[in-house]
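[1] kindly return the folded structure for what I paste below:
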Amino acid sequence: MYFRLQTIQHAGLLFVLVLAASFTPLWGQEKIPLVVRMGDVSINKIPFLVALDQGLYEKNGLDLTMIPYGSGSATVHGIPDAIPAEVREIGEDAQITVGGGVGMMVGRVNRSEPSDWIILATTDHVVRWHIVAREGIETLEDLKGKRLGLSGMSACTGYIALMLADKMGWDPKQDIAILQGNYSVTPLQEGWVDAFIAYEVPLAMAMQAGYKPIADLRDWDEPMLCSGARASRSWANNNRDTVIRFLKSVVEAIAMMKKDKTVAFSSMAKWYGFTDYEVQSIIYNGAVEMPRAPYPNVEGIKKVMELYDSNAMRRYKAEDFYDDSFMKELDESGFIDNLYK
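    This is a model prediction of the structure:
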């Protein structure tokens with residue numbers, strides 16, 4: 001397998017790509033401005049990029065500026081970060097962010113400042129990642145007492161680590177060493193960890209390096225609250241039409257991906273530089289369970305509240321973290337069903 005990242009030659013090129021959707025055409029009605037910021041590099045972000053590449057935001061009346069990934073994620077995954085600082089500054093004021101629901105929930109309950117940020121949609125509903133380990137570790141039981149690498153305890157990988165400990169009957173602080181930081185195959189190759197939790201992109205990197213996963217966590221059949229669209233509840237309620245237009249674009253992009261995987265491959269190549277077919281296929285496989293109607297994953301929210309149980313968390317109800325009325329309005333209109341006819 002050949003794993004290659006296309007180098008973006010000039011910062012100006014990506015600057016044009018990032019802002020391409022923000023130019024309002026001279027014809028037609030005036031577009032609604034919207035800034036969307038994404039964090040990491042993963043298949044659950046691809047629908048939002050497909051919607052951009054296929055002109056769906058513009059089609060639905062949005063003048064959208066997209067920040068496609070965070071600088072840290074670009075570094076970890078070897079993507080040249082050619083997004084100018086001024087564009088990232090625009091992203092700091094994004095009305096909608098796309099990222100993990102786990103981190104949003106844990107961060108919100110543990111801050112002193114009040115926050116009304118909620119989940120509008122979830123594109124990751126089922127635990128479906130893998131665990132990749134060094135030679136000599138062949139089963140999940142073999143991980144006891146070992147070092148497990150992940151991105152952060154309040155990230156989706158942390159959620160899976162806590163779930164692993166719970167399923168195995170382990171104390172997550174005493175029976176396994178959970179190490180946070182560099183989220184790629186590098187720590188495994190360097191011997192800094194004995195295994196790591198891998199979603200599709202680092203899984204592809206690991207397999208290219210000759211590693212094979214010891215577990216496919218799809219077998220757990222557990223809810224996941226990973227990537228999705230998030231916004232301030234007050235902003236969303238005051239800009240309901242904008243939210244509906246945005247979600248309409250995303251669900252159409254999901255339909256396009258499900259009908260033709262090359263649409264997803266094209267966006268992977270354009271934004272992440274993943275051009276090898278085998279790598280693209282491994283990453284695309286993570287979208288198998290992506291729902292046609294990406295409602296906020298309520299079961300995932302409840303599981304986060306269970307795994308991250310604390311005095312602070314118990315002050316909230318599941319309903320405090322989501323609003324499914326936007327997806328429900330879109331779903332009940334028949335729009336999503338019509339995409340698959």
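
[2] beyond the lowest-mean-pLDDT helix or strand in the chain, next helix or strand please.
    Within the chain, confidence by mean pLDDT, DSSP states H and E is lowest for helix 11-19 among all helices and strands, at a mean of 44. Sequence order places strand 32-38 as the next helix or strand after helix 11-19, per DSSP states H and E.

[3] beta partners of the nearest residue to Met268 once chain neighbours are set aside?
    Sequence neighbours aside, Phe274 is the residue nearest to Met268 in space, at 4.5 Å (criterion: Cβ to Cβ, 6 or more residues apart in numbering). Heads up, the C-betas are built off the backbone N, CA and C, glycines and all. Each beta-bridge partner of Phe274 is listed here, defined by DSSP bridges: Leu5.

[4] give me the below-cutoff pLDDT ranges for this protein.
    By pLDDT under 70, the low-scoring segments of the chain are 1-29, 74-77, 80-82.

[5] tell me how far the helix ranked longest in it is from the chain's mean position?
    The single longest helix within the chain, with elements called by DSSP state H, is helix 240-259. Shown here is helix 240-259, whose average C-alpha point lies 16 Å from the average C-alpha point of the whole chain (Cα atoms, centre = their mean, to the nearest Å).

[6] quick one: residues in contact with that helix.
    Residues from elsewhere that reach helix 240-259, judged by Cβ atoms under 8 Å, 6 or more residues apart in numbering: 32, 34, 36, 46-48, 50-51, 54, 56-57, 59-62, 95-96, 120-121, 123, 229, 231, 236, 263-264, 287, 290-294, 326-327, 329-330, 335-336, 339-340.

[7] any of those residues buried? List them.
    Buried residues within those, counting neighbours by 16 or more other Cβ atoms under 10 Å: 32, 34, 36, 46-48, 50-51, 54, 56-57, 60-62, 95-96, 120-121, 123, 229, 231, 236, 263-264, 287, 290-291, 294, 326-327, 330, 335-336, 339.

[8] domain parsing for this structure?
    Per the record's domain assignment (automatic domain parsing), the chain is made up of the domains 11-125+224-339, 130-220.

[9] what's around the residue nearest to Met268, how many residues?
    Applying the criterion other Cβ atoms under 10 Å, we find 24 residues in the vicinity of Phe274.

[10] what of the one 3 residues further on?
    Tyr277 has 12 neighbouring residues, counting by other Cβ under 10 Å.

[11] which ones are touching it?
    Residues in contact with Tyr277, defined by Cβ under 8 Å, 6+ apart, are Phe265.

[12] so which of the contacts of helix 240-259 are in helices?
    Among those, DSSP H puts 46-48, 50-51, 56-57, 59, 236, 263-264, 326-327, 329-330, 335-336, 339 in helices.

[13] quick one on the thing from earlier: got the angle for the longest helix of the chain vs helix 46-53?
    100 degrees (axes from the mean of the first three to the mean of the last three Cα atoms, to 10 degrees).

[14] mind listing what's buried along helix 240-259?
    By neighbour count with 16+ other Cβ under 10 Å, helix 240-259 contains the buried residues 242-258.

[15] what's the angle from that helix to strand 32-38?
    Calculated by the same axes, to 10 degrees, helix 240-259 forms an angle of 50 degrees with strand 32-38.

[16] partners of the residue positioned nearest the centre of the chain in the sheet?
    Here the mean C-alpha position of the chain is nearest to the C-alpha of Ser227 (Cα atoms, centre = their mean), at a distance of 3.5 Å. Per DSSP bridges, the residues bridged to Ser227 are Gly100.

[17] was I right about it contacting Ile119?
    No. The criterion here is Cβ atoms under 8 Å, and Ser227 misses it with Ile119 at 10.2 Å.

[18] anything in contact with each of those two?
    Shared contacts of Ser227 and Ile119, defined by Cβ under 8 Å, 6+ apart, comprise Gly101.
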